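Chemist: Just the structure for this:
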Amino acid sequence: MVPPKLHIRWSTVIAVGILIASGMLAYANSFPAPFIFDGKDYIEQNSTLHTLWPLWAPMIDTMRPVGWLSFAINYATCGTKVWGYHATNLAIHMAAALTLFAIVRRTLSGKRLAARFGPASSDLALVVALLWLLHPLQTQSVTYIYQRFESLMGLFFLLTLYSVIRAQDAARPKAWQVSAVLCCLLAVMTKEVAAVAPLLVLWYDRAFIAASWREMYRRRWGLYAGLSSSWVVLAIIMNSQAEKFSKAGLLVVKGITPLQYAASQPGVIAHYLRLCLWPTGLCLDYAWPLAGTAVKVVPPLLLVAALLALTAWSIFRWPLWSFLGGWFFLILAPTSSIVPIVDLAFEHRMYLSLAAVVTGVVLGGYLLANRLLAGRLAAGRLRPHMPALIGYGLMGVIAMTLGYLTVRRNLDYKSATTIWEDCVQKFPQNARAHDNLGVALADLGELDAAIDHYRKALEIRPNLANAHFNFGVALANRGQTIEAIDHYRQALKIKPDYAEAHVNLGVALTDRGQINEAISHYRQALEIKPDSASAHYNFAATLDNSGLVVEAISHYRQALEIKPDYTDVLNNLAWILASSSDATLRNGVNAVEFAERAVKLSNSQSPEFLDTLAAAYAEAGRFPQAQQTARRALDLATQQDKPALAKSIQAKIQLYDTQTPFRETKGESAGQG
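Modeler: Numbering: from 1, shown residues only. Next up is the predicted model:
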């Protein structure tokens, strides 16, 4: 917006400071936002992230190895404390904004564009990076923890292009070219969308660097060979993880043909463009429907076709605008073309494409302002410093508005309840949103409200397996076991490989005394998901109560290998080792170790765990500690109004007072005596 002759050059240090400070201000209120949606299952409760060494352990057998490694590093440093994940997400986003600033500045001051933009290159680059950084459309890639895959991929993607640009005038261009190849490999190992990076680098090279295709081949064939190797890496990953891609709703999607998907995407792209220019009505989960009528297909198709035609026409006349069009459409191509994905629209897919829109608007506005004001300046009807003041003022207002909207949007993520209430309000026919809101309400103990949303979800989508499962959980918590069993069976009818439904059905059947069928479902759950700590635990508990203690111990130990801080497993295993009537199974030392860990993890507030620890001390011959711990357990049981447990503990205290360990009899279980 500032004419070149009035340009006031920003130093890089000041620009970096503005970007970092703005990013921190805009996202400071996002740090308390909890794990939601995919983040709960795939990060918070994902045992594969709990092992960081060897370094490649979290990367093995995954679709996006580098992204998962970043989450494993987070877990190693801060466990499940969400602030650490948010801090990392914000750092990635700000680093991406700084890289975008550097790319835009170097491009505008390069030989092809310097005459038009050179004097204002730093200011324009700062405005582009700042608006991109603060735009509320980015919140889904930053505030929603799980979508780090998009922002981290975006950072590596931008670093790939930046490295190529730096290689042009560097004293050691080969080093920068190697950097570009490595960043490209990291990008495709973070998310598949990065497959288009070599094509965009090629486009950029021809538009802004090379004088001919021959020159590109002669001088940089090695670079493009290296960048193209990322396709081989991606092909290997996708082939080895084909089943996981399919389960995630990628590559193969039942019920959606390529033609249906392609016909629906112009509407999605038009929506994305609207959000770029007018970012209201943001939604975590649109549940975007297939376009089934000409009215839904034709108008947005004409818009997209016109933009594609304009991009193609600009290739030879205006390379800058053609590259921005290519940037927008190529990055969206993997998710918004003909390859079906189960979810037709998600805002995070615009993370990089938004940069093209912002750059186009800023540069277009700058050129338009120059043309409109040139005559007035030449005629002396406008003071020389006024265009600069107007430009800075306008950009400041836009940046503050976008930052404010981002802060407001972050508030929607403050809890699982608020974000799903927002989705339901904006899209009442979104069955998945109703289901997830039900889960959030159930976690707060509001079972009646949760059940209402599960019913609504199943009215909209009767075949939604998750809604049946969650409905079953709520009914089981209300003691309606028979009804819960029915919903678990419905979930498994829709989704036979639903491991969690097998586990919960096993628990419900155990409560009904149908032990053999329950064991069958536990075994099926473990065949589907061998690393399910919950399946091992519930299977072990059922085996234990059925007298199959040796097998139960085996499954308890496997559960602990998967989830070392599983307090119920620690307690139950300690109880067997401390109190079993079978002397060959007892081990006082190990019982104390497990019981002490359970008590510590529960902050010494569980009378059941303290009861087990007392029994373990007694088995180990540490009777003074057994007496002291049992009395603490008795006090807590009394305070928490658990008379049966208190009576049981009182009887054990009498044993410990006579230096006698407690021995379990048939029908007794951990922490109950």
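Chemist: Correct me if wrong: Thr359 contacts Leu324.
Modeler: Yes: shown here, Thr359 and Leu324 form a contact pair, counting by CB atoms under 8 Å, at 5.9 Å. C-beta here means a position set from N, CA and C on the backbone, and glycine is covered the same way.
Chemist: The two: which has the busier surroundings?
Modeler: Set side by side, Thr359 and Leu324 show more neighbours around Thr359, with 27 against 23, by other CB atoms under 10 Å.
Chemist: wait, what's in contact with that one?
Modeler: Val104, Val128, Leu324 (CB atoms under 8 Å, 6 or more residues apart in numbering).
Chemist: any idea how far Ala476 is from it?
Modeler: As judged by CB to CB, to the nearest Å, Thr359 and Ala476 stand 54 Å apart.
Chemist: What of Val361?
Modeler: 53 Å.
Chemist: again, but for Trp318
Modeler: Taking CB to CB, one finds Trp318 at 64 Å from Ala476.
Chemist: tell me which residues in the strand or helix carrying Val407 are buried?
Modeler: In the assignment (DSSP states H and E), Val407 maps to helix 386-412. By neighbour count on 16 or more other CB atoms under 10 Å, the buried set for helix 386-412 is 387-388, 391, 395, 398-399, 402-403, 405-407, 409-410, 412.
Chemist: which one of these is nearest His86?
Modeler: Checking the buried residues of helix 386-412 against His86 by CB to CB gives Asn410 as the nearest, at 9.8 Å.
Chemist: Give me the neighbour count for the nearest residue to the closest one once chain neighbours are set aside.
Modeler: Spatially, and ignoring its direct neighbours in sequence, Asn410 is nearest to Ser30 (4.3 Å; CB to CB, 6 or more residues apart in numbering). For Ser30, the neighbour count with other CB under 10 Å is 25.
Chemist: residues in contact with Ser30?
Modeler: His86, Leu90, Thr139, Val142, Thr143, Asn410, Tyr413.
Chemist: Check the spacing between it and Val407 real quick.
Modeler: Distance of Ser30 to Val407, computed by CB to CB: 9 Å.
Chemist: before we move on, what about Ala433?
Modeler: The value you get for Ala433 to Val407, if CB to CB is used, is 23 Å.
Chemist: same thing with Glu44?
Modeler: 25 Å.
Chemist: Report the next helix or strand after the helix holding Val407 in sequence order.
Modeler: Criterion used, DSSP H and E; the element after helix 386-412 is helix 416-426.
Chemist: per-residue confidence for the spatially most central residue of the chain?
Modeler: Central residue of the chain (CA atoms, centre = their mean): Tyr146, 0.8 Å from the mean position. pLDDT, Tyr146: 95.
Chemist: Does it touch Gly39 like I think?
Modeler: Yes: the criterion here is CB under 8 Å, and Tyr146 meets it with Gly39 at 4.1 Å.
Chemist: element containing Leu372, please.
Modeler: Applying DSSP H and E, one finds Leu372 within helix 353-378.
Chemist: any idea of the mean pLDDT for that helix?
Modeler: Summarised as a single mean, pLDDT over helix 353-378 is 86.
Chemist: And Gly673, what's its pLDDT?
Modeler: Per-residue confidence (pLDDT) for Gly673: 35.
Chemist: for Gln168, that is, sorry about that
Modeler: In this model, Gln168 carries a pLDDT of 91.
Chemist: Then Phe316?
Modeler: Note on Phe316: pLDDT of 84.
Chemist: do the same with the one 3 residues further on
Modeler: On pLDDT, Pro319 comes in at 91.
Chemist: same question, Gly667
Modeler: At Gly667, pLDDT is 47.
Chemist: got any ranges where the stretch 201-350 of the chain has weak pLDDT?
Modeler: 251 (pLDDT under 70).
Chemist: Let me see the contact set for the closest residue to Tyr42 other than its chain neighbours.
Modeler: Spatial nearest neighbour of Tyr42, chain neighbours left out: Tyr146 (6.4 Å); criterion: CB to CB, 6+ apart. Applying CB under 8 Å, 6+ apart to Tyr146 gives the contacts Phe35, Phe37, Asp38, Gly39, Tyr42, Ile43.
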